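Q: structure, please.
(one chain, ligands or ions: 1)
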Amino acid sequence: MDETGDYELDHIMLTRGAISERISELAASISGEYGGGELIFTGVLKGAVIFMSDLVRSLDRSVDARMDFIAVSSYGNASASSGAVKMIKDMDTCIEGKNVILVEDIMDTGLTLSYLKDTLTARGPETLRTCVLLEKPDRKKVDSILDYRGFTIPDEFVVGYGLDYAGKWRNLPDIWCVTKR
Ligand code: IMP
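A: Residues are numbered from 1 along each chain as shown. This is a model prediction of the structure:
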């Protein structure tokens with residue numbers, strides 16, 4: 001997408017109802033696999049905040065869920081991938097020997113998730129799984145690294161439910177496609 005363009009909301013791709021239903025299913029799978037044990041949810045700021053907060057609240061009470069966050073810089077304020085990923089905020093929790101789920105809003109090329117997965121794997125967790133709300137398979141540049149996926153979507157730029165364009169629209173409860181004004 002052109003960085004200098006002016007974009008507006010076009011139409012809803014995923015409604016809040018569809019998102020909520022899918023999150024309940026993901027939470028049920030995760031609860032089934034990790035019930036009774038400690039599980040560290042590691043969200044990638046800022047996009048995953050809303051997804052992760054709904055996901056952890058949908059888990060079964062038997063999951064001992066912990067929350068932590070990391071931040072990376074890759075796209076800056078634009079929406080075109082530079083391919084370069086850098087961690088700009090690390091998590092506080094020591095994950096050695098722990099069960100971890102890395103939570104991201106969207107996987108586009110997969111470079112961000114792949115970099116984070118490698119970085120966290122090097123710290124020796126017992127298990128490390130990945131969970132993304134949206135996957136755009138058309139632009140994928142990495143091998144399959146997803147364990148939990150909410151929706152597969154076409155290669156369109158989307159905002160809302162935590163996802164932004166230049167910092168805007170994260171607060172929308174539905175997921176929208178944007179278009180050039
Ligand atoms: P990847 O490294 O190419 O997989 O990019 C992942 C990151 O790009 C996400 O965490 C988002 O910040 C951003 N991104 C990719 N596609 C979209 C989109 O359609 N809307 C909003 N952000 C996006």
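Q: the helix-or-strand element of the chain with minimal mean pLDDT vs the ligand: in contact?
A: Lowest mean confidence among the helices and strands of the chain (mean pLDDT, DSSP states H and E): strand 86-89, at a mean of 93. No. Applying Cβ under 6 Å from any ligand atom, one finds strand 86-89 separated from the ligand by no less than 11.9 Å. (C-beta placed from N, C-alpha, C; glycine too.)
Q: what's the answer for stretch 45-57, then?
A: Yes. Looking at stretch 45-57 against the ligand by Cβ under 6 Å from any ligand atom, the contacts come from residue 47.
Q: pull the CA atoms of that stretch into PDB?
A: Provided in PDB are the C-alpha atoms of stretch 45-57 (Å, rounded to 0.1, in the frame of the first residue of the first chain):
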ATOM      1  CA  LEU A  45       2.300  -5.200  20.800                       C
ATOM      2  CA  LYS A  46       0.300  -3.400  19.800                       C
ATOM      3  CA  GLY A  47      -1.900  -5.300  17.300                       C
ATOM      4  CA  ALA A  48      -2.400  -8.500  19.400                       C
ATOM      5  CA  VAL A  49      -3.700  -6.700  22.500                       C
ATOM      6  CA  ILE A  50      -7.400  -6.900  21.800                       C
ATOM      7  CA  PHE A  51      -7.300 -10.400  20.400                       C
ATOM      8  CA  MET A  52      -5.200 -11.800  23.300                       C
ATOM      9  CA  SER A  53      -7.400 -10.200  25.900                       C
ATOM     10  CA  ASP A  54     -10.500 -11.800  24.400                       C
ATOM     11  CA  LEU A  55      -8.700 -15.100  23.900                       C
ATOM     12  CA  VAL A  56      -7.500 -15.400  27.500                       C
ATOM     13  CA  ARG A  57     -10.900 -14.500  28.900                       C
END
